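J.: Below are the sequence and a predicted model for it; my questions follow.
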Amino acid sequence: MYVERERGRMEPAESRRGRGMVGPERPLFVLFGSSIVQFSFSNEGWGATLADIYARKADILLRGYAGWNSRLALQVIDKIFPKDAAVQPSLVIVYFGGNDSMGPHPSGLGPHVPLPEYIENMTRIAEHLKSLSEKTRIIFLSCPPINEEMLRQLRSPVLGEIVRSNELCRKYSEACIQLCNDMDLKVVDLWTAIQKRDDWATVCFTDGIHFSSEGSKIVVAEILKVLKEAEWEPSLHWKSLPTEFGEDSRYYLVASDGASTFNPSEWTFHREIQWD
């Protein structure tokens with residue numbers, strides 16, 4: 001298959017894909033995980049907020065898969081993150097654990113993954129991501145707490161019994177944090193961060209599990225804190241990255257002096273929260 005490159009010239013589509021669809025090239029941030037990731041652009045979610053914060057600075061790519069556990073992630077990680085890709089991500093934010101931590105079903109079906117296997121799976125995921133590039137950075141998100149009562153009230157009648165508890169979430173969260181410490185990976189302790197708010201159980205979720213806008217604000221703040229404090233070269237914090245096409249122009253809005261213009265490329269006044 002060929003595509004048109006310039007007038008009268010054709011090139012293989014494979015070559016075109018290797019260069020990317022649009023340019024200039026920006027840092028690529030990939031959000032990889034289960035429904036906490038897939039739904040992160042809904043309800044003023046944390047993924048959408050990151051995309052706004054990093055507008056003109058980095059591209060946020062969503063790779064979220066509702067219902068997945070760490071076993072499913074390992075089955076396709078080579079396809080989602082091929083080692084021979086022409087462009088490797090600058091940052092991967094990973095979340096698995098909520099489904100893994102569900103209690104086992106008597107049939108053997110379902111998303112439950114025993115804790116030792118979960119640790120092994122997450123370790124293998126981290127090792128694969130670290131092998132992509134020397135410049136690929138990784139942040140893991142640990143299991144957040146859940147609102148058990150809200151979850152019971154909203155459970156769908158078409159589903160079998162769902163065994164979720166804060167005690168199980170805590171164990172998997174602690175395991176994720178420990179493996180990150182062992183592997184020198186950055187981690188956001190969502191179990192602790194969410195519960196710092198006194199009314200977390202009632203305001204941080206839409207259904208007892210997935211984040212409301214208030215819950216997502218906590219996730220964003222914790223991720224930005226890690227990015228700001230990380231001693232990475234180059235820094236991936238949004239204030240440290242250049243703004244694409246940020247040069248002044250005579251075609252911008254004219255200032256009151258009638259002799260200059262206002263450059264809007266760094267404006268943030270439209271945001272309800274002025275993120276650090």
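T.: Looks like it arrived, so ask away.
J.: For the stretch 151-276 of the chain, just list every one of the strands.
T.: With DSSP state E, counting those that start in this stretch as the criterion, the stretch 151-276 of the chain has strands at 186-188.
J.: Mind jotting down where the helices sit in it?
T.: Applying DSSP state H, counting those that start in this stretch to the stretch 151-276 of the chain gives helices spanning 166-183, 190-195, 200-203, 213-229.
J.: and these as JSON lines, adding distance to residue 53, mean pLDDT and mean neighbour count?
T.: For every residue, glycine as well, the C-beta is placed using N, CA and C. JSON lines is the format used below for those (distance: least, CB to CB, whole Å; pLDDT from 0 to 100; neighbours: other CB atoms under 10 Å):
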{"stretch": "helix 166-183", "distance to residue 53": "23", "mean pLDDT": "97", "mean neighbour count": "18"}
{"stretch": "helix 190-195", "distance to residue 53": "18", "mean pLDDT": "98", "mean neighbour count": "20"}
{"stretch": "helix 200-203", "distance to residue 53": "22", "mean pLDDT": "96", "mean neighbour count": "16"}
{"stretch": "helix 213-229", "distance to residue 53": "8", "mean pLDDT": "98", "mean neighbour count": "19"}
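J.: export these to JSON lines and tack on distance to residue 70?
T.: As requested, the helices of the stretch 151-276 of the chain are exported to JSON lines (distance: least, CB to CB, whole Å):
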{"stretch": "helix 166-183", "distance to residue 70": "10"}
{"stretch": "helix 190-195", "distance to residue 70": "16"}
{"stretch": "helix 200-203", "distance to residue 70": "25"}
{"stretch": "helix 213-229", "distance to residue 70": "20"}
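J.: Isn't residue 204 up against residue 217?
T.: No: contact criterion CB atoms under 8 Å: residue 204 and residue 217 do not qualify, at 9.1 Å.
J.: Give the closest residue to residue 88 in space, chain neighbours not counted.
T.: Take residue 88 and drop its neighbours on the chain: the residue closest to it by CB to CB, 6 or more residues apart in numbering is residue 133, 4.0 Å away.
J.: for residue 253, same thing?
T.: Excluding its sequence neighbours, the residue lying closest to residue 253 (CB to CB, 6+ apart) is residue 262, at 5.1 Å.
J.: Please name the residues that touch residue 88.
T.: Residues counted as contacts of residue 88 (CB atoms under 8 Å, 6 or more residues apart in numbering) are 28, 132-133, 135-136.
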